[in-house]
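A.B. asks: quick one: sequence plus predicted model below, questions after.
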Amino acid sequence: MKKVRLTRQQSQAQTQQRLLDAAQALFVKKGFGATSVEHITLAAGYSRGAFYSNFKSKTQLFIELLTRDHQRILAGLQTILDNPDTPDHPVSHRVAAELVGTHDQPALAVDGNRSPIETQLIHYYSRIYRDTQFYTLWLEARLHASRDANFCTQFNAFQQDILATITQYVYKFAARTGLTLPLPAEQLALGFMALGDGMGMYHLPGQSHADDLHAEQILAYFLERIALQR
């Protein structure tokens, strides 16, 4: 079979993704501080020149990596918005399974009176915490931000952008379901992020953590009673 020749843009995108993949594996295993540019390029199979033609620094790569991982989570929310009336929440199950590998996990019981979009959102939100690589990266980012003032500034700006994006999703879900928000959308978005992050950190390997079903029930209860209130 004839090998397809990549365009310059496709080749660059492939290089970037391989560098990001290598960096993610190393940051999770060794930590951000213990991983050098040389470690990343060696693992990805590229030269230092290839690294610096795609990223200004290891710090910029880290922000890009966090952005890529967060976009996966946002893509799941968008999938639910785009398929609001799918019965029996297969969309949220599939997306959550692809995100955190929950194909064989039992379904969380949700009030049968809820609309399909609400049920999908509850199932999706209550399982995101299982993405241990995602939360390990975020823990690394917070630790590095506490030690590096320049990175702290970038990371804080990045978090504010994420909060603004999640806030917009809160508005979209409220408009789609006819929900009257019990708190300002930004406060609810911050609550979603903080509780999800906290459960994700608590669930990291090597730490004692609640039973998965209990963790999901906690997250689902917050969403159902505080945000949806019905």
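C.D. replies: Structure's in. What do you need? Residues are numbered from 1 along each chain as shown.

A.B. asks: make it CA atoms for all contacts and neighbour counts henceforth
C.D. replies: OK.

A.B. asks: report the buried residues of stretch 59-71.
C.D. replies: Thr59, Leu61, Phe62, Ile63, Leu65, Leu66, Asp69 (16 or more other C-alpha atoms under 10 Å).

A.B. asks: low pLDDT regions in the protein?
C.D. replies: 1-3, 84-113, 206-210, 230 (pLDDT under 70).

A.B. asks: that older thread, Leu42: which of the buried residues of stretch 59-71 is nearest?
C.D. replies: Leu61 (15.5 Å; C-alpha to C-alpha).

A.B. asks: tell me the domain ranges of the protein?
C.D. replies: Domain ranges of the chain: 1-55, 58-228, per automatic domain parsing.

A.B. asks: distance of Val170 relative to Gln78?
C.D. replies: 12 Å (C-alpha to C-alpha, to the nearest Å).

A.B. asks: next one: the strand or helix carrying Leu143 to chain centre, how far?
C.D. replies: Per DSSP states H and E: Leu143 is located in helix 132-147. When distances are taken as C-alpha atoms, centre = their mean, to the nearest Å, helix 132-147 is centred 13 Å away from the chain's centroid.

A.B. asks: on that earlier part again, more neighbours: which of Val170 and Gln78?
C.D. replies: When neighbours are counted by other C-alpha atoms under 10 Å, Val170 comes out ahead of the other of Val170 and Gln78, with 20 against 14.

A.B. asks: pretty sure that one contacts Ala189?
C.D. replies: Yes - Val170 is in contact with Ala189 according to C-alpha atoms under 8 Å; the separation is 6.8 Å.

A.B. asks: relative orientation of the longest helix along the chain and helix 132-147 in degrees?
C.D. replies: The single longest helix within the chain, with elements called by DSSP state H, is helix 149-177. Angle, helix 149-177 to helix 132-147, by axes from the mean of the first three to the mean of the last three C-alpha atoms, to 10 degrees: 130 degrees.

A.B. asks: about what we covered before: list the contacts of the helix holding Leu143.
C.D. replies: 24, 27-28, 31-33, 66, 69, 129, 151-153, 155, 197, 200-201, 203-205 (C-alpha atoms under 8 Å, 6 or more residues apart in numbering).

A.B. asks: in strands only, show me those residues.
C.D. replies: Per DSSP state E, strands hold no members of the contacts of helix 132-147.

A.B. asks: among those residues, which ones are in helices?
C.D. replies: Checking the contacts of helix 132-147 against DSSP H, those in helices are Gln24, Phe27, Val28, Leu66, Asp69, Phe151, Cys152, Thr153, Phe155, Asp197, Gly200, Met201.

A.B. asks: who's in contact with the last one?
C.D. replies: This means Met201. Tyr135, Thr136, Leu139.

A.B. asks: who wins on neighbours among the residues you listed?
C.D. replies: Tyr135 leads the contacts of Met201 on contacts (other C-alpha under 10 Å) with 25 neighbours.

A.B. asks: and that one, how close does it get to Met193?
C.D. replies: 12 Å.

A.B. asks: re earlier: out of the ones in helices among the contacts of helix 132-147, which end up buried?
C.D. replies: The buried subset of these (16+ other C-alpha under 10 Å) comprises Gln24, Phe27, Val28, Leu66, Asp69, Phe151, Cys152, Phe155, Asp197, Gly200, Met201.

A.B. asks: skipping adjacent residues, who's closest to the first one in space?
C.D. replies: So that's Gln24. Leu65 (7.2 Å; C-alpha to C-alpha, 6 or more residues apart in numbering).
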